[in-house]
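S.K.: test case, fold it:
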Amino acid sequence: MRGPCRPTHQQTQAMIKKLTGLASIVALASVAQAEVKINENLSLDGYAIGSYSSVEGAAAPGQTTNDTFLDSGSRLFDSVKVAVNGTYGDFSGKVSVLLQSVNNTSNESGGLLDAYLTYTAGSLAITGGKFNSWLGYESFDSPNNAFISYGLSGYVANYATGAKVEYITDTLSAGVSVRDSLTAGDGFYQGDGDFSDNLGYEAYVLYSGIDKLTLFAGAGFGDLDGGDLSTYNAWASYAFTEKFSLALEYAKTDDSTAAVFAGDVTNSWLLQGTYVVNDSVSVSGRVTAQDTKAGDGLGYGVASTYTITENFAVKGEVTKTDFNNGAGDVFTYAIQGLFKF
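M.R.: Below you'll find the predicted structure:
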């Protein structure tokens, strides 16, 4: 979940096949993440990230701030992820685990993330198991983002267990899913585990058929005790040149149950530009905002990634977020080492 509730995000298979817009430009100056082949049917991929961060101010009244080194309490700053990918004929699957600084609803430092099986027939893919949401411009995995931290663009999304069907081509992808819940359960990045009621539903469309432009629109709906929960997410990215690209995201969540956003309608957005200086260095700027019943927030900052080797890079960021809910301003300074394989 995004904003006060942190998001999850899954790159669609079409985006993996064909990077366009901002995704392609960021990839020019980021470390490679190539699968390590075990045999004809199995491969590994993953990352390890560690950070030093300093936070000045408080995101909520009475909250303490401090400096941290490798113990931030956030998977965005300090975590290790390992995934095993398998293929056999028309079937493929993935199992991944995450070790992190403790910062999740179950207060656990590690656990299972992905665990799914996919059957592909032409452009049709049918998946069952535990998988991530489609919603969100920023990736669940911090190494795939220009910034270490997230922006304020807020929507409801989470890892959950269920089934999904996707239509995937080189330029168009679309899908629908049924999940055990739309919101997070008590376990390690998972749904509520109950398919008898309170199911979650998601749908998305992604189009990259226009040169240098990528468009995404998605929505999620949840049947919860005491009301309904709906969330909407749309983003676009455009590569103006081979070095500069701009992305814009809008999100809205309508929570009549007070389960996530205190019975509020939340509107939020993100604007992010990235400039590739050379093959090793990229620089990004971000402005992001959120409007909630509890108060508004406006955040802005800069980040840069320096690629040292094919698989290792250093990322740094400076961000400021202004809150009008009595908490004041928050300054974050962070530097992160990241290794991807």
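
S.K.: CA only for contacts and neighbour counts going forward, please
M.R.: Noted.

S.K.: where exactly do the helices run in this protein?
M.R.: For the chain, the helices defined by DSSP state H occupy 13-17, 21-28.

S.K.: any idea how far residue 173 is from residue 165?
M.R.: Applying CA to CA, to the nearest Å, the value for residue 173 to residue 165 is 11 Å.

S.K.: which neighbours do these two share?
M.R.: Common contact partners of residue 173 and residue 165 (CA atoms under 8 Å, 6 or more residues apart in numbering): none.

S.K.: who's in contact with stretch 72-91?
M.R.: 41-53, 70-71, 92-103, 117-121, 141-142, 148-149, 336.

S.K.: could you rerun that using 7 Å?
M.R.: Here stretch 72-91 makes contact (CA atoms under 7 Å, 6 or more residues apart in numbering) with 41-51, 70-71, 92-103, 118-121, 142, 148-149.

S.K.: PyMOL command for the buried members of these?
M.R.: Listed next is the PyMOL selection for buried residues among the contacts of stretch 72-91, using 16 or more other CA atoms under 10 Å:
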select buried, resi 42+43+44+45+46+47+48+49+50+51+70+71+92+93+94+95+96+97+98+99+100+101+102+118+119+120+142+148+149
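
S.K.: keep only those of the contacts of stretch 72-91 that are in strands.
M.R.: Judged by DSSP state E, the contacts of stretch 72-91 include 42-51, 92-100, 118-121 as members of strands.

S.K.: what sits against the nearest residue to residue 132 once chain neighbours are set aside?
M.R.: Leaving aside its chain neighbours, residue 132 sits nearest to residue 159 (4.3 Å; criterion: CA to CA, 6 or more residues apart in numbering). For residue 159, the contacting residues are 130-133, 189-191, by CA under 7 Å, 6+ apart.

S.K.: how near is residue 159 to residue 318?
M.R.: Separation of residue 159 from residue 318 (CA to CA): 29 Å.

S.K.: equivalent analysis for residue 273, please.
M.R.: Using CA to CA, residue 273 is found at 15 Å from residue 318.

S.K.: what's the answer for residue 310, then?
M.R.: Distance from residue 310 to residue 318, counting by CA to CA: 25 Å.

S.K.: beta partners for residue 335?
M.R.: With DSSP bridges as the criterion, residue 335 is bridged to residue 52, residue 316.

S.K.: how many neighbours does it have?
M.R.: 21 (other CA atoms under 10 Å).

S.K.: contact partners for it?
M.R.: Each residue near residue 335 by CA under 7 Å, 6+ apart is listed here: 51-53, 315-317.

S.K.: can you check residue 127 too?
M.R.: Residue 127 touches 116-119, 163-165, counting by CA under 7 Å, 6+ apart.

S.K.: pipe those into JSON lines and attach distance to residue 303 and pLDDT per row.
M.R.: What follows is the contacts of residue 127, written out as JSON lines (distance: CA to CA, whole Å; pLDDT from 0 to 100):
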{"residue": "116", "distance to residue 303": "34", "pLDDT": "98"}
{"residue": "117", "distance to residue 303": "36", "pLDDT": "98"}
{"residue": "118", "distance to residue 303": "36", "pLDDT": "98"}
{"residue": "119", "distance to residue 303": "39", "pLDDT": "98"}
{"residue": "163", "distance to residue 303": "37", "pLDDT": "97"}
{"residue": "164", "distance to residue 303": "35", "pLDDT": "98"}
{"residue": "165", "distance to residue 303": "36", "pLDDT": "98"}
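
S.K.: closest one of these to residue 109?
M.R.: Among those, residue 116 lies closest to residue 109 (CA to CA), at 21.8 Å.

S.K.: pLDDT score for the residue nearest to the closest one when sequence neighbours are not counted?
M.R.: Nearest non-adjacent residue to residue 116, counting by CA to CA, 6+ apart: residue 129, 4.2 Å away. Residue 129 carries a pLDDT score of 97 in this model.

S.K.: same check on residue 18?
M.R.: According to the model, residue 18 carries a pLDDT of 34.

S.K.: residue 210 now?
M.R.: Listed pLDDT for residue 210 reads 96.
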